[in-house]
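K.L.:
coords please:
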Amino acid sequence: MSRAAESRTATVYARVREHLACLGLATASEHLAAELERARDEAVTPVEVLERLLATEAEATSARRLSGRLRFALRRAGKALLCSADADRLGAVDP
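P.N.:
Take a look at the predicted model:
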């Protein structure tokens with residue numbers, strides 16, 4: 001590859017990473033280099049590269065959402081336990 005082609009490729013690569021970051025696709029941005037190398041080594045089509053990047057991002061997003069829901073559920077469960085413990089304690093002190 002010529003020096004000019006390498007420079008263009010590096011510029012495009014940097015722009016793609018910027019676009020992914022701007023769109024909030026950090027996981028896809030992190031996996032971009034590995035997927036591009038895989039595509040080169042295994043003659044993978046651009047659509048397959050895109051699909052794998054989006055699948056990786058979708059999995060990460062699902063995991064973050066699940067984690068948030070679990071944190072929220074545990075916090076609510078903790079509050080419910082505190083409320084019932086407080087009620088039990090107050091009921092025992094003041095019949």
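
K.L.:
skipping its backbone neighbours, what lies nearest residue 29 in space?
P.N.:
Distances taken as CB to CB, 6 or more residues apart in numbering place residue 20 nearest to residue 29, at 3.9 Å, with adjacent residues excluded. Yep, even glycine has a C-beta here, placed from its N, CA and C like the rest.

K.L.:
correct me, but the one you found touches residue 35?
P.N.:
No. The criterion here is CB atoms under 8 Å, and residue 20 misses it with residue 35 at 11.5 Å.

K.L.:
which non-adjacent residue is nearest residue 31?
P.N.:
Per CB to CB, 6+ apart, closest to residue 31 is residue 56, 5.1 Å.

K.L.:
assign a three-state SS to the one you found, would you?
P.N.:
Here residue 56 is recorded as helix under DSSP: H, G, I helix; E, B strand; the rest coil.

K.L.:
residue 14 versus residue 52, what's the distance?
P.N.:
20 Å (CB to CB, to the nearest Å).

K.L.:
who has more neighbours, these two?
P.N.:
Neighbour comparison, residue 52 and residue 14: the larger count goes to residue 52, with 17 against 10 (by other CB atoms under 10 Å).
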